[in-house]
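J.: My questions are about this predicted structure, shown below with the sequence.
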Amino acid sequence: MIDAMYNYRQGEIHSAEFSDDFNKLCIPFENSLNEEQIDAFHKLLDCVSETAAAEMRAAYKVGFKDGAAMMREVQE
């Protein structure tokens, strides 16, 4: 149920933009790569993104459960 709520609300979560520091490092680096290296780099960035998304889902679930536990404690 918590996963379904997160997935439903995910569209309302505003994505952060890449920082200036990231862009200053990433863009010149990517421009220095050949085609094969660019593909590998993009796959690596996808893995990082998927890991971050999984961590956000896990944090959402933990936060939701903590909030429910606090409400239950207040009611007692």
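T.: Arrived safely.

J.: give me the number of residues near residue 37?
T.: Residue 37: 12 surrounding residues under other C-beta atoms under 10 Å. Just so you know, the C-beta spots here come from the backbone N, C-alpha and C atoms, and that holds for glycine as well.

J.: so what pLDDT did it get?
T.: Per-residue pLDDT puts residue 37 at 97.

J.: Likewise for residue 14?
T.: The per-residue pLDDT reported for residue 14 equals 64.

J.: next one: residue 64
T.: pLDDT, read off for residue 64, is 86.

J.: Can you tell me which helices and strands the host helix or strand of it packs against?
T.: Using DSSP states H and E, residue 64 sits in helix 35-75. Applying 3 or more C-beta pairs under 8 Å, 6 or more residues apart in numbering; DSSP states H and E, one finds that helix 35-75 contacts helix 2-9, helix 20-31.

J.: what does the average pLDDT come to for the last one?
T.: Here the mean pLDDT over helix 20-31 is 91, rounded to a whole number.

J.: And the shortest one, by the same measure?
T.: In this model, helix 2-9 has an average pLDDT of 66.

J.: How far away from the center of its chain is the helix holding residue 64?
T.: With C-alpha atoms, centre = their mean, to the nearest Å as the basis, helix 35-75 stands 5 Å off its chain's centre.

J.: and the angle from it to helix 20-31?
T.: On the basis of axes from the mean of the first three to the mean of the last three C-alpha atoms, to 10 degrees, helix 35-75 is oriented at 150 degrees to helix 20-31.

J.: residue contacts, residue 30?
T.: Neighbouring residues of residue 30 by C-beta atoms under 8 Å, 6 or more residues apart in numbering: 38, 41.

J.: Try it again at 10 Å.
T.: Residue 30 is in contact with 37, 38, 41, 42, 45, counting by C-beta atoms under 10 Å, 6 or more residues apart in numbering.

J.: now the last one: how far from residue 26?
T.: When distances are taken as C-beta to C-beta, to the nearest Å, residue 45 and residue 26 turn out to be 8 Å apart.

J.: The second one too?
T.: Plainly put, residue 38 is 12 Å away from residue 26 if you go by C-beta to C-beta.
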